[in-house]
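Asks: Have a look at this fold, sequence not included:
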Ligand SMILES: [Cu+2]
């Protein structure tokens, strides 16, 4: 039922949300986010490259980043939290058919050993629902990722338009 409600929500807000597929709005064929490949550091569990999208108070935003798990064992992302929103959830975007993109919560996302997991526009993201304050360009958002093995990791994300 949750999936259905998000789909309904997207019907009216698709153009405003952070879950929009990245292809349609980008004029620049080489977006700044396509920089150096993330390298896995042995024995390190790293969250890097975080940024968050601007959002109005009461509205939505999302954060994007990369997780590089060099610990040699599988982990699981089980949740996210932040004080900037009434709810903070790990979401994935999926093809809902007929040109629609849906998104749904992931409460247990496997992070394989020695892998890089990208959270990006049109894919995985941390969703901020009902922002308690405006997120303007130049602000910074703090949020926490909760992993089964790596524990809590605090992330600071600069706020950008895209
Ligand atoms: Cu979302």
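Replies: Structure received. Predicted model only: the values in this text are computed from it and were never measured.
Asks: make it CA atoms for all contacts and neighbour counts henceforth
Replies: Noted.
Asks: What ranges does this structure have for its strands?
Replies: Taking DSSP state E as the test, the strands found in the chain are 45-53, 61-69, 75-81, 85-97, 100-105, 109-111, 115-119, 125-131, 140-147, 151-160.
Asks: now the residue nearest the centre of the chain: how far from the ion?
Replies: By C-alpha atoms, centre = their mean, the chain has its centre lying nearest to residue 125, at 1.9 Å. According to C-alpha to the ion, to the nearest Å, residue 125 and the ion sit 6 Å apart.
Asks: Residue 161 now?
Replies: From residue 161 to the ion the distance is 16 Å (C-alpha to the ion).
Asks: which parts of the chain sit against the ion?
Replies: Proximity of the chain to the ion (C-alpha under 5 Å from the ion) is limited to residues 91, 127.
Asks: make it 8 Å
Replies: 17-19, 62, 89-93, 103-105, 125-128 (C-alpha under 8 Å from the ion).
Asks: In the chain, where is pLDDT below threshold?
Replies: 1-36 (pLDDT under 70).
Asks: So what's the residue count around the closest residue to residue 56 other than its chain neighbours?
Replies: Nearest residue to residue 56, sequence neighbours excluded (C-alpha to C-alpha, 6 or more residues apart in numbering): residue 134, at 4.7 Å. Around residue 134 there are 17 other residues, counting by other C-alpha atoms under 10 Å.
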